[in-house]
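Trainee: Got a predicted structure plus its sequence, pasted below:
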Amino acid sequence: MFAIPGKQAVTMTPRAVAQIVKLMDAKGHAGLRIGVKKGGCAGMEYTMQYVDEADTNDEVVEQDGARVIIAPMAQMFLFGTEIDYETTLLESGFRFNNPNVTEACGCGESIKFDDALFAK
């Protein structure tokens, strides 16, 4: 795993915590799994899905009742990320303030990471 002892891989703003708790309660799931996959115009995109339990190598981050489960392949890409939840007049959704992102597409759905992360 990529974790640093005593430091959570991700943090969540109070708005993100409230939304994740709301989703967990409404759907009856144990948490949200966050990952990254190849795709989009910048090369990678975030994934989120409901899960009922964590796998052995997952990193589990719990904050004020919200549970985020990070897939092993995504841990190095997400380390240091702050998860937020924003609501505007036109849309609402999770936002990832990720220090590892070097580029993002105009729509905000696709990201690119420093090539050094792939060498680890």
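Mentor: Sure, I can see it. All values reported here derive from a predicted model rather than from experimental measurement.

Trainee: contacts, neighbours, all on C-alpha from now
Mentor: Fine.

Trainee: Tell me the helix or strand right after the lengthiest helix in the chain.
Mentor: Determined from DSSP state H, the single longest helix within the chain is helix 14-27. Next helix or strand after helix 14-27 toward the C-terminus (DSSP states H and E): strand 31-38.

Trainee: For that next one, which residues meet the burial criterion?
Mentor: Gly31, Leu32, Arg33, Ile34, Gly35, Val36 (16 or more other Cα atoms under 10 Å).

Trainee: which among these gets closest to Pro99?
Mentor: Val36 (14.7 Å; Cα to Cα).

Trainee: Once you drop chain neighbours, what's closest to the closest one?
Mentor: Spatially, and ignoring its direct neighbours in sequence, Val36 is nearest to Tyr46 (4.4 Å; Cα to Cα, 6 or more residues apart in numbering).

Trainee: quick one: contacts for Val21?
Mentor: Val21 makes contact with Gly65, Ala66, Arg67, according to Cα atoms under 8 Å, 6 or more residues apart in numbering.

Trainee: Quick check: pLDDT value at it.
Mentor: Looking at Val21, its pLDDT reads 95.

Trainee: Report the separation between it and Glu62.
Mentor: 11 Å (Cα to Cα, to the nearest Å).

Trainee: Now that the residue nearest to Val36 has come up, it's in contact with Gly39, right?
Mentor: No - counting by Cα atoms under 8 Å, Tyr46 stays clear of Gly39, with 9.2 Å between them.

Trainee: quick one, which of these two is more surrounded?
Mentor: Neighbour count, other Cα atoms under 10 Å: between Tyr46 and Gly39, Tyr46 has more, with 18 against 13.

Trainee: Which pLDDT does the model give the more buried one?
Mentor: Per-residue pLDDT puts Tyr46 at 85.

Trainee: Identify each buried residue in the helix or strand hosting it, please.
Mentor: In this assignment (DSSP H and E), Tyr46 forms part of strand 44-51. Neighbour counts using 16+ other Cα under 10 Å place Met44, Glu45, Tyr46, Tyr50, Val51 of strand 44-51 among the buried residues.
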